[in-house]
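Trainee: Predicted coordinates and the sequence they were generated for:
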Amino acid sequence: MDMLWNGWGDPAKAAPLPDTVTALLRDLLGVRPRTTPVLALEDIRLPAPTAGPAALKALAEAVGGEEHVRTDGESRVRHTRGKSTPDLLRIRASDFSDVPQAVVLPASHDDVLAVLRACAAHRLAVVPFGGGTSVVGGLAPQRSAFVALDLRRMNGLLDLDPVSRTAVLQPGLRAPEAEALLAGHGFTLGHFPQSFEWATIGGFAAARSSGQASAGYGRFDEMVLGLTLATPEGTLETGRAPRSAAGPDLRQLILGSEGAFGVITSVTVRIRPVPQVRLYEGWRFASFEEGAAALRRLAQDGPRPTVLRLSDETETLIGLTRPDAIGADLAQNDAGCLAIAGYEGTAEDTARRREQAAAVLTACGGTLAGAEPGERWAHGRYAAPYLRDALLDAGAFAETLETAAFWSRIPDLYTAVRTALTDTLTQAGTPPLVMCHISHVYENGASLYFTVVSAQGEDPVAHWAPAKQAANEAVLAAGGTISHHHGVGTDHRDWYVREAGPLGISALRAVKHRLDPEGMLNPGVLLPTD
């Protein structure tokens, strides 16, 4: 099944906002329903591909037949951009300026190499396409003549080593399918980002993804033990041991490269036994500062839960941890901040860690709220993108952004980003609601994840651009990284250039030139074009 072309996920799961929430948006933020209809998919008329018959024939030969090269309008529309709010607003406004010339579906590493050769010969750029879930402009290259390289046919479990606890997965394997295949052998990857239902293994590696259970299982880049990369200059293979002192780790060069250096065609990952027990519960803290201090204690001194999150006062009040019951807490007037702690593993280990963590959280001022908040979070953990679509349908603007910093910088970073967003959007005449949560914790720091809701303004895409720019500037000024887990894309590229510095960017340019001398791989994503 394909994802909704002008929104998120399974169309059957889309639902309108409750009347109470629509009224709240109207009264609090001045949101008014938008009356411009969205064009139906069957009514969209795209210009014919400019890629000529010779190019299309070469692509078909590369992937084993014309049926694996799609030039129909629906296929091209479904591979246009990603799923950020500006992406969706532009496609709802019938802006298809970033549409690919064709969608190509390889079935193997050798197919990918052949596609790259064909594209080089016919001067076509290539954008690797997994689940299409990018929210940072990662699928909108700065070249009009490009093909989307859809990896869905490369969706197998190639090998599983139960002794070493490793698995080799193909890049087009969607996360739920990967979990099902591994579970058949008694294992799990343990990677559950909000995009879990649609994102792919290759996308996780290319964007340096981080899942909601990262406190226990680690980030995806920590799970990756080896990679195979297809480039216009040949094949690059990395990872022959769990750790090595044989020079710099080339895995880390590929991880997070967002298709700019090559196409990931297989990933060797660390796997773990399926947990016997999964338990989630809620804790209340008087303030975001107090809750953050408690999370830091657990992250630094243990025991660290598998899932550990903290919503600020606004997010707690609105009830964003419960997308299926948004706004329900307003009538209860619950003050403070909600934290979610989750434990996975054997029954004995889970009980021990829960008891020890509860002692720490209580000593830090936390009050146990019971299992209900935790179980509700777990039930709705993938629902927020559907809520975003419902907000757009109701005439609101809703978008997210994230960053990370060392613990000592978290308070200033939190204040700086909130202030930048609030001031910029208020000056534009659309005062926002800005919410935040700590989504990932480490011994030395944490990630902050912001959600912004406001009225759309006359031009919603132009309305957001100054606010996003102000937030990016605030992130760098406060000592944060421009992205913790969404990636760079085109949205963060100019700030990533500043974060990496001139010499760092020059080194990456040299790598790209060696692997992709014609600059055909995702041009303008991650690195500026020459």
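Mentor: Arrived safely.

Trainee: Could you use CA atoms for every contact and neighbour count after this?
Mentor: Noted.

Trainee: shaky segments in the protein?
Mentor: Applying pLDDT under 70 to the chain flags the ranges 320-334.

Trainee: Please repeat the previous calculation with a cut-off of 90.
Mentor: Judged by pLDDT under 90, the chain has its weakly predicted residues at 1-2, 11-16, 18-21, 24, 33-39, 47-51, 143-144, 318-335, 457-458, 530.

Trainee: Longest helix in it, please.
Mentor: Among the elements of the chain assigned as helix by DSSP state H, the one spanning the most residues is helix 493-515.

Trainee: for that one, which positions count as buried?
Mentor: Arg493, Asp494, Trp495, Tyr496, Val497, Glu499, Ile505, Leu508, Arg509, Lys512, Leu515 (16 or more other C-alpha atoms under 10 Å).

Trainee: Which one of the residues you listed is nearest to Ser134?
Mentor: Minimum separation from Ser134 among these (C-alpha to C-alpha) is found for Arg493, which lies at 13.9 Å.

Trainee: what's near enough to touch Thr231?
Mentor: With contacts defined as C-alpha atoms under 8 Å, 6 or more residues apart in numbering, the neighbours of Thr231 are Leu113, Leu116, Phe261, Gly262, Val263, Leu515, Asp516.

Trainee: Could I get the residues you listed in TSV, plus columns for secondary structure?
Mentor: Output for the contacts of Thr231, formatted as TSV (DSSP: H, G, I helix; E, B strand; the rest coil):
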residue	secondary structure
Leu113	helix
Leu116	helix
Phe261	coil
Gly262	coil
Val263	strand
Leu515	helix
Asp516	coil
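
Trainee: now what about the host helix or strand of Ala357, what contacts it?
Mentor: Counting by DSSP states H and E, the element that carries Ala357 is helix 347-363. Contacts with helix 347-363, where a contact means C-alpha under 8 Å, 6+ apart, come from 276-277, 294-295, 297-298, 302-305, 343-344, 367-368.

Trainee: quick check, distance from that helix to the centre of its chain.
Mentor: 30 Å (C-alpha atoms, centre = their mean, to the nearest Å).

Trainee: Check stretch 357-366 too.
Mentor: For stretch 357-366, the distance between its averaged C-alpha position and the chain's averaged C-alpha position is 31 Å (C-alpha atoms, centre = their mean).

Trainee: Please identify the buried residues of it?
Mentor: Taking 16+ other C-alpha under 10 Å as the basis for neighbour counts, the residues of stretch 357-366 that come out buried are Ala357, Ala358, Val360, Leu361, Cys364, Gly365, Gly366.

Trainee: now the closest residue to the fifth one other than its chain neighbours: how far from Arg284?
Mentor: Counting by C-alpha to C-alpha, 6 or more residues apart in numbering, Ala294 is the residue found nearest to Cys364 once chain neighbours are left out, at 5.5 Å. Shown here: Ala294 relative to Arg284, a distance of 11 Å by C-alpha to C-alpha, to the nearest Å.

Trainee: Give me the common contacts of the two.
Mentor: Contact criterion C-alpha under 8 Å, 6+ apart; residues bridging Ala294 and Arg284 by contacting each: Gly366.
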